[in-house]
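Peer 1: Need coordinates for the below:
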Amino acid sequence: MNSLLAGASVFGTGILELWAAIPLGLALQLHPILVGVLSAAGSIFSAVVVIFFGTSIRNWLVRRTHNKNGGRGGRLSRIWDKYGIPGIGFLSPLITGAPLGAAIGISFGADPRKLFVWMTIGIVFWSAVLTTAAALGLHAFSRGR
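Peer 2: Numbers count the residues shown, from 1 in each chain. Predicted coordinates:
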């Protein structure tokens, strides 16, 4: 597969879900650092769109989630009550994904700029951790053969 197309695939998948972008990039045999950067960039892009430009997307995501969970009684609500914006921003990329976490954070009343900063910190951190773990796991698996 063309490297540009592979990179675009990882970025696009990162827009939807960080957890899926990292294994995809490694499966496409991209360098782990590139995989981490592209998946993080995709997630940050989706957070920016939802936080700053996506009122209708945000409303749809929140409506969809609230219908499934019966309101505001989920895990992110407990994180919000205990840790506020830093907790939602740091943990939501791992728990729900960046777009949904951003939508839920805004629906809880988070300041958009603060939420964006904390989501970026969380996305970069979790991208680094997950990419490192996946790359080391693949390396250990390939050495064991």
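
Peer 1: mind listing the helices for this structure?
Peer 2: For the chain, the helices defined by DSSP state H occupy 3-16, 18-27, 32-48, 55-69, 75-95, 98-107, 112-143.

Peer 1: Pick the most deeply packed of these.
Peer 2: helix 98-107 (a mean of 26; mean count of other CB atoms under 10 Å). Just so you know, the C-beta spots here come from the backbone N, C-alpha and C atoms, and that holds for glycine as well.

Peer 1: Which other helices and strands does that one contact?
Peer 2: The helices and strands touching helix 98-107, judged by 3 or more CB pairs under 8 Å, 6 or more residues apart in numbering; DSSP states H and E, are helix 32-48, helix 55-69, helix 75-95, helix 112-143.

Peer 1: What mean pLDDT does the second one get?
Peer 2: Averaged over helix 55-69, pLDDT sits at 66.

Peer 1: One more: the longest one?
Peer 2: Per-residue pLDDT values over helix 112-143 give a mean of 93.

Peer 1: Using PDB, write out the CA atom coordinates for stretch 38-51.
Peer 2: Provided in PDB are the C-alpha atoms of stretch 38-51 (Å, rounded to 0.1, in the frame of the first residue of the first chain):
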ATOM      1  CA  LEU A  38      -1.000  10.500  12.800                       C
ATOM      2  CA  SER A  39      -3.400   8.800  15.100                       C
ATOM      3  CA  ALA A  40      -3.100  11.700  17.700                       C
ATOM      4  CA  ALA A  41      -3.500  14.300  14.900                       C
ATOM      5  CA  GLY A  42      -6.700  12.600  13.700                       C
ATOM      6  CA  SER A  43      -8.100  12.500  17.200                       C
ATOM      7  CA  ILE A  44      -7.100  16.200  17.900                       C
ATOM      8  CA  PHE A  45      -8.800  17.200  14.600                       C
ATOM      9  CA  SER A  46     -12.000  15.500  15.600                       C
ATOM     10  CA  ALA A  47     -11.900  17.100  19.100                       C
ATOM     11  CA  VAL A  48     -11.400  20.600  17.400                       C
ATOM     12  CA  VAL A  49     -14.300  20.000  15.100                       C
ATOM     13  CA  VAL A  50     -16.700  18.800  17.800                       C
ATOM     14  CA  ILE A  51     -15.600  21.400  20.500                       C
END
